[in-house]
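Q: this one's structure only:
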Ligand SMILES: *Cc1c(COP(=O)(O)O)cnc(C)c1O
Ligand SMILES: [Zn+2]
């Protein structure tokens, strides 16, 4: 069996062959990829990983596909940046930013799509499809182009201009739907039954797709010198990434790659305008009540998160918390990260940074912990969110006179004489 993996129901534990199946036909529970960790621990070592490519595919032994030529645009092995200036601002001892903005299509979704389409191609699919809040659309269209597959991508019609263009340019079929993401996703579930020959990355091959997120945990641990951090802050849309980051750390323990993995605490990050998981966490209930999203963080705007229940479970089990931040705080978070660390994140990154601030302020994050914040999408994708907040300091004529009239220079300090317009 490819990489010793099979599918297992998260509810009743029944096992299935690794095909395009995402729910248990016995109890309708979601299926998750399971591995023979004993066998894997003999096969994989730090040295075998370190000898691999400088991409997420260095962890292929821990992924559910065995393919010498995966569908790969170069996702992963992104920088883990020591964020000393932001740490000082927050009063933290050791803070790291996982900079996933630098992935091929500008978001962490390249990790999950690279796995999903590699698996889909192996299973014989010729068409890649998805419902998306934007970043998945970009990534599916790009990876399908690279693989020579057809793509059909469905998005809510109100997405940011960059996310629409960055999908359409790859030449697949892009369908804008008048409705929320949850409406689009429901339509996709119907289309999956109508078109069983299409690989819907977030539906029928979702179990494989989800495994791609584990590489975030693997990379963080390897980049910290094979050490699992104390606390990780993860943005939540469907909740898949958060649950798989935990699974990734656990697997590092199960395969003997890292000795101590159980101390890691995982906190979620949501926008107040779409915070079903944060709300359930705050109200000490296991029930995730669906909401109608209203936030500038469109990439996280899933009102009825498929893995919300499991994400909440991980947060509670590990002793984490869950941020819920306003649109104003999201924009301040984007600017704070840019100003202190030189990293420009999209609105989802603003959610992570603002939640990090909130979790430090309310004592969930201890200042002595080694903290990692997941910055999952590039700022160029959502530039319109900053309209009116940042821009030129001043506009001048191309003369020295005009420069002197509009700018005060004292030593190395340069200021516009008037407030920016
Ligand atoms: C999709 C996405 C996430 C998280 O997605 P999950 O559905 O929770 O796995 C986080 N950040 C960005 C930028 C995304 O596009
Ligand atoms: Zn089951």
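A: Received it, and whenever you're ready, just let me know what you need. What you see is a predicted model, and the numbers here were worked out from it, not measured in a lab. Ligands and ions are numbered 1, 2, ... in the order given.
Q: low-confidence bits of the stretch 1-150 of the chain, can you list those?
A: 1-4 (pLDDT under 70).
Q: tell me the residue of it that sits nearest ligand 1?
A: Going by CB to the nearest ligand atom, ligand 1 is nearest to residue 135 of the stretch 1-150 of the chain, at 3.4 Å. From N, CA and C alone the C-beta is placed, and that goes for glycine too.
Q: what number of residues lie near that residue?
A: Residues within reach of residue 135, counting by other CB atoms under 10 Å, total 30.
Q: partner residues bridging the nearest residue to it once chain neighbours are set aside?
A: Leaving out its chain neighbours, the residue that sits closest to residue 135 by CB to CB, 6 or more residues apart in numbering is residue 107, at 3.9 Å. Beta-bridge pairing for residue 107 (DSSP bridges): residue 377.
Q: list the contacts of the helix or strand containing residue 8.
A: Assessed by DSSP states H and E, residue 8 sits inside strand 5-9. Strand 5-9 has contacts (CB atoms under 8 Å, 6 or more residues apart in numbering) with 14-19, 21, 24, 26-27, 29-35, 64, 207.
Q: how far off centre is that strand?
A: 23 Å (CA atoms, centre = their mean, to the nearest Å).
Q: and what of stretch 406-421?
A: On CA atoms, centre = their mean, the centre of stretch 406-421 falls 39 Å from that of its chain.
Q: can you check stretch 352-372 too?
A: That offset, for stretch 352-372, works out to 19 Å (CA atoms, centre = their mean).
Q: how far does it stretch from start to finish?
A: 10 Å (CA to CA, to the nearest Å).
Q: that one - what's its average pLDDT?
A: Rounded to a whole number, the mean pLDDT of stretch 352-372 is 98.
Q: and the helices in the stretch 101-250 of the chain?
A: 109-122, 135-147, 161-168, 181-194, 206-211, 214-223, 240-254 (DSSP state H, counting those that start in this stretch).
Q: pipe those helices into JSON lines and attach distance to ligand 2 per row.
A: What follows is the helices of the stretch 101-250 of the chain, written out as JSON lines (distance: least, CB to the ion, whole Å):
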{"stretch": "helix 109-122", "distance to ligand 2": "21"}
{"stretch": "helix 135-147", "distance to ligand 2": "26"}
{"stretch": "helix 161-168", "distance to ligand 2": "35"}
{"stretch": "helix 181-194", "distance to ligand 2": "18"}
{"stretch": "helix 206-211", "distance to ligand 2": "13"}
{"stretch": "helix 214-223", "distance to ligand 2": "22"}
{"stretch": "helix 240-254", "distance to ligand 2": "17"}
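Q: nearest to residue 339, of the ones you listed?
A: helix 161-168 (22.0 Å; CB to CB).
Q: residues making contact with that closest one?
A: Residues contacting helix 161-168 (CB under 8 Å, 6+ apart): 105-106, 132, 134-135, 137-138, 141, 153, 155, 174, 176, 298, 380-384.
Q: isn't residue 183 right up against residue 189?
A: No: contact criterion CB atoms under 8 Å: residue 183 and residue 189 do not qualify, at 11.0 Å.
Q: what is the burial count for the nearest residue to residue 189 once chain neighbours are set aside?
A: The shortest distance from residue 189 to any non-neighbouring residue, by CB to CB, 6+ apart, is to residue 203 (6.1 Å). Look at residue 203: counted by other CB under 10 Å, it has 22 neighbours.
Q: so what's residue 203 up against?
A: Residue 203 makes contact with 22, 131, 188-189, 192 under the criterion CB under 8 Å, 6+ apart.
Q: now a ChimeraX select for only the buried ones of these.
A: Entered in ChimeraX, the line below selects the buried ones among the contacts of residue 203, by 16 or more other CB atoms under 10 Å:
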select :22,131,188,192
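Q: regarding the residue nearest to residue 222 when sequence neighbours are not counted, what is its secondary structure?
A: Sequence neighbours aside, residue 49 is the residue nearest to residue 222 in space, at 6.9 Å (criterion: CB to CB, 6+ apart). At residue 49, secondary structure determined by DSSP: H, G, I helix; E, B strand; the rest coil is helix.
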